[in-house]
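>>> Here you go, sequence then predicted model.
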Amino acid sequence: MGTNNVLAPEMVRIHAGSATRDQAMQEATDLLVAAGAVTPAYYEAMQDRERTVSTFMGNGLAIPHGTNDAKDTVLGSALTFVRYDGGVDWDGQRATFVVGIAGKGGEHLEILSQIAILFSDDTEVEKLRAAATPEQLFSLVVAAGAA
């Protein structure tokens, strides 16, 4: 499963300003709910995950996702991709990209892997930072996932 199967253009956003970690997680949840991938209770599952371990991955990336105990809140697999140009304080780390993930079964593991590979390439991350529109950002993410 590539990101092009779980990421839709309307799930990609760019914000000029900043957000709190909780605001960013709420936006990710809201987008996942709108996609029909999770119930609103998924937000609390994301909070539970953060209380256990931070989902900040480095290189400006945070990947909030629910706990295994919250499987009943996941209705399908989807990905959200939001860039906050003003940054998000993620437990003392600065996240620019917040990628919300919901995976049915074990699908989220492959999605997480593809995002980790994308963000391990500094050149690709700079392209993501330079994207002028959500459509451009979407195209870059899909192209990287399909590579």
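Thanks, I have the structure now.
>>> Please name every helix or strand in contact with the strand ranked longest in the chain.
Ordering each strand of the chain by length in residues (DSSP state E) puts strand 78-90 first. Applying 3 or more C-beta pairs under 8 Å, 6 or more residues apart in numbering; DSSP states H and E, we find strand 78-90 packed against helix 3-6, strand 12-15, strand 19-20, helix 21-34, strand 93-102, helix 134-146. Just so you know, the C-beta spots here come from the backbone N, C-alpha and C atoms, and that holds for glycine as well.
>>> which one of these has the lowest average pLDDT?
Lowest mean pLDDT within the helices and strands packed on strand 78-90: helix 3-6, at a mean of 68.
>>> Just want to check the distance between D85 and H15.
7 Å (C-beta to C-beta, to the nearest Å).
>>> Comparing the two, which residue is more hemmed in?
Ranked by neighbour count (other C-beta atoms under 10 Å), D85 and H15 place H15 first, with 16 against 11.
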